[in-house]
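[1] Any chance you can model this:
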Amino acid sequence: MCQPPAARRFSIRALPLPFLLAMADDHTTTLEAQHRKVSNSRETRRLRRSGLVPGIVYGGGEEPVAFQVEARRLRLALAHAGAVLDLSLDGETTTPVVVKDEQHDVVRGGIVHLDLLRVRLDQVIQATVALELVGAEDSPGVTEGGVLEHVTREITVEALPTEIPDSITFDVSALQINDTVTLEAVTAPAGVAFLDDLQETVIATLSPPRLQDEEEEGVEEETELVGEQAAAAAEGEASGDTAQDAQRRGEDAGE
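    Numbers count the residues shown, from 1 in each chain. From the prediction side, this is the model:
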(Lines give C-alpha, C1' and ligand atoms only; values in the text may rest on other atoms or scores of the structure.)
Protein backbone atom coordinates (compact mmCIF):
# COMPACT_ATOMS: atom_id res chain seq x y z
CA MET A 1 0.00 0.00 0.00
CA CYS A 2 1.22 3.51 -0.79
CA GLN A 3 2.44 5.39 2.27
CA PRO A 4 1.69 9.12 2.11
CA PRO A 5 3.95 11.76 3.61
CA ALA A 6 2.88 13.48 6.81
CA ALA A 7 -0.35 15.41 6.32
CA ARG A 8 -0.56 19.13 6.86
CA ARG A 9 -2.05 20.50 10.05
CA PHE A 10 -5.68 21.54 9.85
CA SER A 11 -7.73 23.85 12.03
CA ILE A 12 -11.49 24.18 11.69
CA ARG A 13 -13.38 27.28 10.72
CA ALA A 14 -17.07 26.57 10.02
CA LEU A 15 -18.81 28.47 7.21
CA PRO A 16 -22.39 28.31 5.85
CA LEU A 17 -22.82 25.52 3.31
CA PRO A 18 -24.35 27.70 0.53
CA PHE A 19 -21.34 30.00 0.73
CA LEU A 20 -18.95 27.05 0.50
CA LEU A 21 -20.74 25.63 -2.55
CA ALA A 22 -20.57 29.01 -4.27
CA MET A 23 -16.82 29.19 -3.64
CA ALA A 24 -16.35 25.70 -5.06
CA ASP A 25 -18.21 26.62 -8.26
CA ASP A 26 -16.14 29.77 -8.77
CA HIS A 27 -12.68 28.53 -7.85
CA THR A 28 -12.30 24.87 -8.83
CA THR A 29 -11.42 22.94 -11.97
CA THR A 30 -12.26 19.27 -12.50
CA LEU A 31 -9.39 16.84 -13.01
CA GLU A 32 -10.52 13.55 -14.51
CA ALA A 33 -8.28 10.59 -13.71
CA GLN A 34 -8.39 6.79 -13.41
CA HIS A 35 -7.57 4.36 -10.63
CA ARG A 36 -4.31 2.47 -11.07
CA LYS A 37 -2.61 -0.44 -9.39
CA VAL A 38 0.61 0.24 -7.54
CA SER A 39 3.34 -1.25 -9.73
CA ASN A 40 7.10 -1.51 -10.02
CA SER A 41 9.44 1.05 -11.56
CA ARG A 42 9.36 -0.65 -14.95
CA GLU A 43 5.59 -0.41 -15.19
CA THR A 44 5.70 3.19 -14.02
CA ARG A 45 8.15 4.10 -16.78
CA ARG A 46 5.92 2.39 -19.33
CA LEU A 47 3.01 4.40 -17.98
CA ARG A 48 4.87 7.65 -18.51
CA ARG A 49 5.97 6.70 -22.02
CA SER A 50 2.32 6.23 -22.92
CA GLY A 51 1.56 9.83 -21.97
CA LEU A 52 0.18 9.22 -18.46
CA VAL A 53 1.28 10.69 -15.14
CA PRO A 54 1.07 8.51 -11.99
CA GLY A 55 -0.16 10.07 -8.78
CA ILE A 56 -1.59 9.46 -5.34
CA VAL A 57 -4.34 11.16 -3.35
CA TYR A 58 -4.49 10.92 0.44
CA GLY A 59 -5.75 12.67 3.57
CA GLY A 60 -9.26 13.49 4.70
CA GLY A 61 -9.44 10.42 6.95
CA GLU A 62 -9.52 8.05 3.95
CA GLU A 63 -7.08 5.51 2.55
CA PRO A 64 -4.49 6.63 -0.04
CA VAL A 65 -5.57 5.94 -3.61
CA ALA A 66 -3.20 5.62 -6.57
CA PHE A 67 -4.34 7.11 -9.87
CA GLN A 68 -3.15 7.98 -13.35
CA VAL A 69 -4.02 10.99 -15.46
CA GLU A 70 -3.28 12.04 -19.03
CA ALA A 71 -0.32 14.44 -19.05
CA ARG A 72 -2.08 16.87 -21.39
CA ARG A 73 -5.26 16.86 -19.31
CA LEU A 74 -3.18 17.50 -16.17
CA ARG A 75 -1.34 20.45 -17.74
CA LEU A 76 -4.63 22.07 -18.78
CA ALA A 77 -6.20 21.54 -15.36
CA LEU A 78 -3.26 23.03 -13.50
CA ALA A 79 -3.07 25.98 -15.89
CA HIS A 80 -6.71 26.93 -15.32
CA ALA A 81 -7.12 25.93 -11.67
CA GLY A 82 -6.82 27.97 -8.52
CA ALA A 83 -5.58 26.31 -5.36
CA VAL A 84 -8.36 23.69 -5.38
CA LEU A 85 -9.02 20.93 -7.91
CA ASP A 86 -12.07 18.70 -8.09
CA LEU A 87 -10.66 15.19 -8.56
CA SER A 88 -12.90 12.67 -10.31
CA LEU A 89 -11.69 9.06 -10.43
CA ASP A 90 -13.32 6.90 -13.12
CA GLY A 91 -16.20 9.33 -13.41
CA GLU A 92 -17.13 9.09 -9.74
CA THR A 93 -18.23 12.00 -7.55
CA THR A 94 -15.60 14.71 -7.38
CA THR A 95 -13.47 15.31 -4.30
CA PRO A 96 -11.83 18.69 -3.55
CA VAL A 97 -8.04 18.36 -3.45
CA VAL A 98 -4.94 20.56 -3.47
CA VAL A 99 -1.54 19.80 -4.96
CA LYS A 100 0.78 18.69 -2.17
CA ASP A 101 3.84 17.86 -4.29
CA GLU A 102 4.97 17.70 -7.91
CA GLN A 103 7.97 15.77 -9.23
CA HIS A 104 9.39 17.03 -12.53
CA ASP A 105 11.63 15.53 -15.18
CA VAL A 106 15.03 17.17 -14.74
CA VAL A 107 15.56 17.43 -18.51
CA ARG A 108 12.14 18.05 -20.07
CA GLY A 109 10.54 19.72 -17.06
CA GLY A 110 7.24 17.83 -17.32
CA ILE A 111 5.46 16.43 -14.28
CA VAL A 112 6.35 12.76 -13.67
CA HIS A 113 4.46 12.25 -10.38
CA LEU A 114 1.74 14.11 -8.52
CA ASP A 115 0.67 14.07 -4.86
CA LEU A 116 -2.81 15.37 -4.06
CA LEU A 117 -4.28 16.08 -0.63
CA ARG A 118 -7.99 15.81 0.10
CA VAL A 119 -9.35 18.95 1.77
CA ARG A 120 -12.57 20.27 3.22
CA LEU A 121 -13.74 23.66 2.06
CA ASP A 122 -14.65 24.68 5.61
CA GLN A 123 -11.19 23.97 7.07
CA VAL A 124 -8.14 26.18 6.74
CA ILE A 125 -4.90 24.64 5.51
CA GLN A 126 -1.29 25.72 5.43
CA ALA A 127 0.48 26.18 2.12
CA THR A 128 3.70 27.57 0.69
CA VAL A 129 3.10 30.51 -1.65
CA ALA A 130 5.54 32.28 -3.97
CA LEU A 131 6.42 35.87 -3.08
CA GLU A 132 7.21 38.05 -6.10
CA LEU A 133 8.72 41.53 -6.31
CA VAL A 134 7.36 44.08 -8.81
CA GLY A 135 8.38 47.61 -9.73
CA ALA A 136 12.13 47.12 -9.37
CA GLU A 137 12.85 49.09 -12.54
CA ASP A 138 11.15 52.16 -11.01
CA SER A 139 12.97 52.01 -7.68
CA PRO A 140 15.10 55.13 -7.03
CA GLY A 141 17.73 52.98 -5.37
CA VAL A 142 17.97 50.68 -8.38
CA THR A 143 18.18 53.55 -10.87
CA GLU A 144 21.04 54.98 -8.80
CA GLY A 145 22.96 51.73 -9.20
CA GLY A 146 21.92 49.98 -6.01
CA VAL A 147 21.74 46.17 -5.82
CA LEU A 148 18.29 44.73 -5.11
CA GLU A 149 18.41 41.29 -3.46
CA HIS A 150 15.26 39.15 -3.30
CA VAL A 151 15.90 37.36 0.01
CA THR A 152 12.67 35.43 0.73
CA ARG A 153 10.93 33.92 -2.30
CA GLU A 154 8.34 31.73 -0.55
CA ILE A 155 6.23 32.24 2.57
CA THR A 156 3.90 29.99 4.55
CA VAL A 157 0.26 31.03 4.70
CA GLU A 158 -2.93 29.72 6.24
CA ALA A 159 -6.33 30.09 4.61
CA LEU A 160 -9.35 28.23 3.34
CA PRO A 161 -8.42 26.11 0.32
CA THR A 162 -10.34 28.38 -2.07
CA GLU A 163 -8.62 31.50 -0.70
CA ILE A 164 -4.99 30.41 -1.13
CA PRO A 165 -3.41 32.66 -3.80
CA ASP A 166 -1.13 31.41 -6.56
CA SER A 167 1.40 34.06 -5.53
CA ILE A 168 1.73 37.25 -3.50
CA THR A 169 3.36 40.38 -4.92
CA PHE A 170 5.15 43.26 -3.20
CA ASP A 171 5.86 46.61 -4.87
CA VAL A 172 9.49 47.71 -4.42
CA SER A 173 9.24 50.79 -6.65
CA ALA A 174 9.75 53.14 -3.66
CA LEU A 175 12.86 51.47 -2.24
CA GLN A 176 15.94 53.58 -1.61
CA ILE A 177 19.55 52.48 -1.18
CA ASN A 178 20.14 50.80 2.23
CA ASP A 179 16.42 49.95 2.63
CA THR A 180 15.47 46.58 4.14
CA VAL A 181 11.94 45.20 3.78
CA THR A 182 10.42 42.61 6.12
CA LEU A 183 7.24 40.58 5.83
CA GLU A 184 5.54 43.13 8.06
CA ALA A 185 5.40 45.50 5.07
CA VAL A 186 3.52 42.99 2.87
CA THR A 187 -0.27 43.17 2.85
CA ALA A 188 -1.92 39.77 3.19
CA PRO A 189 -4.82 39.06 0.79
CA ALA A 190 -8.29 38.89 2.31
CA GLY A 191 -8.80 35.66 4.28
CA VAL A 192 -5.06 34.83 4.26
CA ALA A 193 -2.81 34.79 7.34
CA PHE A 194 0.99 34.84 7.24
CA LEU A 195 2.61 32.24 9.51
CA ASP A 196 6.23 33.38 9.14
CA ASP A 197 7.64 35.92 11.60
CA LEU A 198 6.54 39.34 10.34
CA GLN A 199 9.49 41.27 11.75
CA GLU A 200 12.27 38.71 11.32
CA THR A 201 11.48 37.51 7.79
CA VAL A 202 13.47 39.72 5.41
CA ILE A 203 11.84 40.05 1.99
CA ALA A 204 14.35 42.21 0.15
CA THR A 205 17.35 44.51 0.64
CA LEU A 206 18.73 47.30 -1.52
CA SER A 207 22.48 47.68 -1.08
CA PRO A 208 24.85 50.40 -2.38
CA PRO A 209 26.63 49.77 -5.69
CA ARG A 210 29.35 47.12 -5.38
CA LEU A 211 31.17 47.32 -8.71
CA GLN A 212 32.37 50.88 -8.19
CA ASP A 213 33.86 50.06 -4.77
CA GLU A 214 35.64 46.99 -6.15
CA GLU A 215 37.10 48.98 -9.07
CA GLU A 216 38.38 51.73 -6.76
CA GLU A 217 39.98 49.15 -4.48
CA GLY A 218 41.67 47.49 -7.45
CA VAL A 219 43.03 50.85 -8.70
CA GLU A 220 44.43 51.65 -5.25
CA GLU A 221 46.20 48.27 -5.04
CA GLU A 222 47.65 48.66 -8.53
CA THR A 223 48.86 52.21 -7.80
CA GLU A 224 50.54 51.07 -4.60
CA LEU A 225 52.25 48.19 -6.41
CA VAL A 226 53.60 50.44 -9.17
CA GLY A 227 54.91 52.88 -6.55
CA GLU A 228 56.79 50.16 -4.69
CA GLN A 229 58.42 48.91 -7.89
CA ALA A 230 59.47 52.40 -8.94
CA ALA A 231 60.99 53.13 -5.52
CA ALA A 232 62.97 49.91 -5.55
CA ALA A 233 64.25 50.61 -9.04
CA ALA A 234 65.39 54.12 -8.07
CA GLU A 235 67.17 52.78 -5.01
CA GLY A 236 69.02 50.27 -7.14
CA GLU A 237 70.22 52.88 -9.61
CA ALA A 238 71.46 55.12 -6.77
CA SER A 239 73.57 52.26 -5.38
CA GLY A 240 75.21 51.60 -8.73
CA ASP A 241 73.18 48.60 -9.88
CA THR A 242 72.71 48.07 -13.57
CA ALA A 243 69.35 48.87 -15.10
CA GLN A 244 68.62 45.12 -15.28
CA ASP A 245 69.40 44.66 -11.58
CA ALA A 246 67.25 47.65 -10.67
CA GLN A 247 64.35 46.27 -12.70
CA ARG A 248 64.72 42.87 -11.02
CA ARG A 249 64.71 44.46 -7.57
CA GLY A 250 61.61 46.42 -8.47
CA GLU A 251 59.81 43.22 -9.54
CA ASP A 252 60.89 41.50 -6.30
CA ALA A 253 59.46 44.36 -4.27
CA GLY A 254 56.10 43.97 -5.94
CA GLU A 255 55.82 40.25 -5.18
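[2] and Val97, that's in a helix?
    No: residue state for Val97 (DSSP: H, G, I helix; E, B strand; the rest coil) corresponds to strand; a helix is not indicated.
[3] Which of the helices or strands spans the residue lying closest to it once chain neighbours are set aside?
    Distances taken as CB to CB, 6 or more residues apart in numbering place Leu116 nearest to Val97, at 4.2 Å, with adjacent residues excluded. For glycine as for every other residue, the C-beta is placed from the backbone atoms N, C-alpha and C. Using DSSP states H and E, Leu116 sits in strand 111-118.
[4] now the helix or strand following that strand against strand 111-118, angle please.
    Counting by DSSP H and E, the next helix or strand C-terminal to strand 111-118 is strand 123-134. Taking axes from the mean of the first three to the mean of the last three CA atoms, to 10 degrees, one finds that strand 123-134 is oriented at 130 degrees with respect to strand 111-118.
[5] Please name every helix or strand in contact with strand 123-134.
    Under the contact criterion of 3 or more CB pairs under 8 Å, 6 or more residues apart in numbering; DSSP states H and E, strand 123-134 touches strand 11-12, strand 154-159, strand 167-171, strand 202-207.
[6] mean confidence for the next helix or strand after that strand?
    Next in sequence after strand 123-134, counting helices and strands by DSSP H and E, comes helix 140-143. Per-region confidence: helix 140-143 scores 96 on mean pLDDT.
[7] Make residue 1 into 39 and carry on from there
    Shifting the count to begin at 39 puts that one at helix 178-181.
[8] Which residues does helix 178-181 contact?
    For helix 178-181, contacts defined as CB atoms under 8 Å, 6 or more residues apart in numbering pick out Ala174, Leu186, Ala212, Leu213, Gln214, Ile215, Asn216, Asp217, Leu244.
[9] which residues does Ala165 contact?
    Arg46, Ala121, Val136, Thr194, Val195, Glu196, Ala197, Ile202.
[10] Tell me the buried residues within the residues you listed.
    Ala121, Val136, Val195, Glu196, Ala197, Ile202 (16 or more other CB atoms under 10 Å).
[11] Would you mind measuring from the second one to Leu236?
    The gap separating Val136 from Leu236 is 25 Å, by CB to CB, to the nearest Å.
[12] Can you report how many residues lie near Asp124?
    Here the number of neighbours of Asp124 (other CB atoms under 10 Å) works out to 17.
[13] Am I right that it is in a strand?
    Yes: judged by three-state DSSP, Asp124 forms part of a strand.
[14] you'd agree it is up against Pro134?
    Yes: look at Asp124 against Pro134 with CB atoms under 8 Å: they come within range, at 6.0 Å.
[15] Just the buried positions in stretch 118-137, please.
    For stretch 118-137, by 16+ other CB under 10 Å, it's 119-125, 127, 132-137.
[16] Also stretch 72-84?
    For stretch 72-84, using 16+ other CB under 10 Å, the buried residues are Arg74, Thr82.
[17] Point out where the chain drops to low pLDDT.
    39-65, 249-293 (pLDDT under 70).
[18] can you list the contacts of helix 178-181 in a markdown table and add distance to Val107 and neighbour count?
    Listed next are those as a markdown table, based on distance: CB to CB, whole Å; neighbours: other CB atoms under 10 Å:
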| residue | distance to Val107 | neighbour count |
| --- | --- | --- |
| Ala174 | 38 | 17 |
| Leu186 | 40 | 18 |
| Ala212 | 45 | 11 |
| Leu213 | 43 | 23 |
| Gln214 | 49 | 12 |
| Ile215 | 50 | 17 |
| Asn216 | 50 | 11 |
| Asp217 | 46 | 17 |
| Leu244 | 44 | 22 |
